[in-house]
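Participant: sequence first, predicted coordinates after that:
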Amino acid sequence: MALRILAGFAFLTLLAGCATNSAYTPLLRAEPAIDSVQSRAPRTLRLYFDALPNVDVSNLVLRGPAGDYNLRGLHTMAADDLMIEILDPLTEGDYVVEWVTRVGEDPVLHQGSFGFKVDLQDN
């Protein structure tokens, strides 16, 4: 009986560890800032991670009022970041950045998204 209780406790501990790991994201911050309101339309996206991302397996997508926006030149500036140029002009509205990358020596392919808003009325 004690062995079953111990096995059950070990199983629950393992499940709790899996649940904790699923909330992990290597994304630390971004430019434009996560959930920010921009008074000027950004011309680049830059995402900062807790280790150097692998550009070869990374992807950034920008979605907004006009659908998907054209991006060019995904690269790193050797500051544990991914950077890309936005080719289409951004208008007022809500935008979502979707990202996928592998960072450092971590074999896991991480993904996530965040939003920002462009509000040009202050200019």
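Facilitator: Structure received.
Participant: mind listing the helices in this protein by residue range?
Facilitator: 2-22 (DSSP state H).
Participant: so where's it shaky on pLDDT?
Facilitator: For the chain, the stretches with pLDDT under 70 are 1-22, 122-123.
Participant: which residue ranges of it form strands?
Facilitator: For the chain, the strands defined by DSSP state E occupy 27-31, 37-38, 44-49, 59-64, 67-68, 71-75, 81-86, 93-101, 110-118.
Participant: now those as CSV including mean neighbour count?
Facilitator: In this view, the C-beta of every residue, glycine as well, is placed from N, C-alpha and C. Formatted as CSV, the strands of the chain follow (neighbours: other CB atoms under 10 Å):
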stretch, mean neighbour count
strand 27-31, 16
strand 37-38, 15
strand 44-49, 20
strand 59-64, 17
strand 67-68, 10
strand 71-75, 13
strand 81-86, 19
strand 93-101, 18
strand 110-118, 16
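Participant: how far away is residue 23 from residue 112?
Facilitator: Per CB to CB, to the nearest Å, residue 23 is found 11 Å from residue 112.
Participant: kindly report the same for residue 96.
Facilitator: As judged by CB to CB, residue 96 and residue 112 stand 11 Å apart.
Participant: swap in residue 25?
Facilitator: For residue 25 relative to residue 112 (CB to CB), the value is 5 Å.
Participant: what of residue 72?
Facilitator: Using CB to CB, residue 72 is found at 22 Å from residue 112.
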